[in-house]
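Visitor: Show me the folded form of this:
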Amino acid sequence: MASWVLTECGLKPLPSIYARPRTGAITYKPSKIRFLHSNKGLTDLKFPAKQISCGSLRERNWGLKVSVPLTVSSIEGEEERGEKINAVNGVEEQLEFDPGAPPPFKLSDIRAAIPKHCWVKNPWRSMSYVVRDVAVVFGLAAAAAYLNNWLVWPLYWAAQGTMFWALFVLGHDCGHGSFSNNPKLNSVVGHLLHSSILVPYHGWRISHRTHHQNHGHVENDESWHPLPERIYKSLDKVTRALRFKAPFPMLAYPFYLWGRSPGKTGSHYHPDSDLFVPNERKDVITSTACWTAMVALLFGLGFVIGPIQIMKLYVIPYWTFVVWLDLVTYLHHHGHEDKLPWYRGKEWSYLRGGLTTIDRDYGWINNIHHDIGTHVIHHLFPQIPHYHLIEATEAAKPVLGKYYREPKKSGPLPFHLIDSLITSLNKDHYVSDTGDVVYYQADPELSISS
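Guide: Residues are numbered from 1 along each chain as shown. Below you'll find the model as predicted:
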């Protein structure tokens, strides 16, 4: 079609090969093309009623005040141009995404996206997982004791330690109340499961509640929180090595139960610990008594079947469980390819803190440890039973957008996570003493030595 151009004395159509105007500056940006003029079409042009000479037009420099399209493209051409611009915009948005910025959605938006049945707790279904796991634990122990072969024992230690970790996750659901709506049932099952693997149920439950209520907060978080620089630099070299050099951090859980993290005091076993408030004393005493009873039972069994057999049947699988617990909980909050923020002061919120958690894929282990790797939605809504976490996560993804970090797919066994663990231990050492949005920094000396 013909294009209209402004000639010296008026308007007249010219062939399309002359469509490009002689004037009009264009600014180019990565994702957009903009005219320096307004986007008015020719129908918006208004001429004064009085006679205007051709020379007057030249003096007024109409080419700088009137914008017209460079070309009139076909629909197909516009679509192609739009696709290119959208592609560039997508790259720009990806580059500009700030994980520490407040999200454009609310917690209620995520909640509304999750199907209602995902919130339903079925105690019979929950108990079926307990029966399954306990049966496997006793079956493995009976088979290993019967075979009593050094070719079998290493396989048993790996399998039984993983099953101890599965028992912990079910007790963890009891602590959150996602096991059932019956607090007494949750408490009884939680004590039986956690005491059997030497975890003080109420002591852990209360500190874990603190972790969830303050996730992502530098000072107030309870689990694997970062050390401010002043505390980090006050540690001796041995303590730094024990906290940041593999395999030592993966053996930390029993010591954490007794003494917590650097910069914090108190014990999960002591009712007067600053972890607890006065009305929680009875709960803590009860859990510590159950833990003590389990220790006494193990000593008694040691006299019956011998300490070496107890070592093989229980103690080594227990430490395998500890490695699983430390590995999984650490990688829930560390080791992503992109640096994730931690917060203080007014910048922290429950939603923003929860969005710094990370989902992980554990291959075959996903089903065994009850999908605890599906962790973002669990942190935001710990009331959701573990058997609904995957569906709830899929429903929430469109709302979460780039604040959800898709986990790297695992093979049958999650060996790919070893690299994430080692890399993080070498880089994530401390955060700044100041600032309300901070990121992990590396100690060059510790990184080099690692």
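Visitor: From here on, just use CA atoms for contacts and neighbour counts.
Guide: Fine.
Visitor: Can you pull out the low-pLDDT segments for the stretch 301-450 of the chain?
Guide: Residues of the stretch 301-450 of the chain that meet the criterion pLDDT under 70 lie in 447-450.
Visitor: which stretches of the stretch 251-400 of the chain form helices?
Guide: 253-259, 281-305, 307-310, 316-331, 350-354, 365-368, 375-380, 389-400 (DSSP state H, counting those that start in this stretch).
Visitor: Check these for me and report the most buried one.
Guide: helix 375-380 (a mean of 24; mean count of other Cα atoms under 10 Å).
Visitor: one step back: for the helices of the stretch 251-400 of the chain, could you give me a markdown table that also reports distance to residue 158?
Guide: Output for the helices of the stretch 251-400 of the chain, formatted as a markdown table (distance: least, Cα to Cα, whole Å):
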| stretch | distance to residue 158 |
| --- | --- |
| helix 253-259 | 18 |
| helix 281-305 | 20 |
| helix 307-310 | 16 |
| helix 316-331 | 7 |
| helix 350-354 | 31 |
| helix 365-368 | 12 |
| helix 375-380 | 23 |
| helix 389-400 | 26 |
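Visitor: check contacts around residue 309.
Guide: By Cα atoms under 8 Å, 6 or more residues apart in numbering, the residues touching residue 309 are residue 302.
Visitor: Tell me how far it lies from residue 302.
Guide: 7 Å (Cα to Cα, to the nearest Å).
Visitor: Give me the neighbour count for residue 189.
Guide: 20 (other Cα atoms under 10 Å).
Visitor: Could you verify my assumption that it touches residue 174?
Guide: Yes. Look at residue 189 against residue 174 with Cα atoms under 8 Å: they come within range, at 7.1 Å.
Visitor: can you list the domain ranges for the chain.
Guide: Annotated domains of the chain cover 3-95, 107-449 [automatic domain parsing].
Visitor: CSV for the ones you listed, including distance to residue 101?
Guide: Output for these, formatted as CSV (distance: least, Cα to Cα, whole Å):
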stretch, distance to residue 101
domain 3-95, 13
domain 107-449, 8
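Visitor: Pick the most deeply packed of these.
Guide: domain 107-449 (a mean of 18).
Visitor: That one: how far from the chain's middle?
Guide: What separates the centre of domain 107-449 from the centre of its chain is 14 Å, taken as Cα atoms, centre = their mean, to the nearest Å.
Visitor: which outside residues touch stretch 358-371?
Guide: 162-163, 165-166, 169-170, 331-334, 336, 372-376, 386-387, 389-390, 404-414.
Visitor: what are the C-alpha coordinates of that stretch, in CSV please?
Guide: The C-alpha coordinates for stretch 358-371 follow below in CSV (Å, rounded to 0.1, in the frame of the first residue of the first chain):
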residue,chain,number,x,y,z
ILE,A,358,14.8,-25.1,47.9
ASP,A,359,13.1,-28.2,46.5
ARG,A,360,15.4,-31.2,45.8
ASP,A,361,14.9,-34.4,43.8
TYR,A,362,16.2,-37.6,45.5
GLY,A,363,15.2,-40.1,42.8
TRP,A,364,14.1,-43.4,44.4
ILE,A,365,14.5,-41.9,47.9
ASN,A,366,11.6,-39.5,47.3
ASN,A,367,9.0,-42.1,48.1
ILE,A,368,11.1,-43.7,50.9
HIS,A,369,11.5,-40.4,52.8
HIS,A,370,8.0,-39.2,52.1
ASP,A,371,8.7,-36.5,49.6
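Visitor: Now residue 438: phi and psi?
Guide: For residue 438, the backbone dihedrals (degrees, to the nearest 10) come out as phi -130, psi 160.
Visitor: quick one, what contacts it?
Guide: 341-343, 431-432.
Visitor: Now the residues you listed in a markdown table, please, with extra columns for distance to residue 199.
Guide: As requested, the contacts of residue 438 are exported to a markdown table (distance: Cα to Cα, whole Å):
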| residue | distance to residue 199 |
| --- | --- |
| 341 | 30 |
| 342 | 28 |
| 343 | 30 |
| 431 | 30 |
| 432 | 33 |
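Visitor: ok, of those residues, which one's closest to residue 446?
Guide: Taking Cα to Cα as the measure, residue 446 sits nearest to residue 431 out of the contacts of residue 438, at 14.8 Å.
Visitor: Isn't the closest one up against residue 231?
Guide: No. With contact defined as Cα under 8 Å, residue 431 does not reach residue 231; the gap is 9.9 Å.
Visitor: Distance check, residue 210 against residue 156.
Guide: 35 Å.
Visitor: Skipping adjacent residues, who's closest to residue 171 in space?
Guide: The spatially closest residue to residue 171, leaving aside those adjacent along the chain, is residue 190, at 4.4 Å (Cα to Cα, 6 or more residues apart in numbering).
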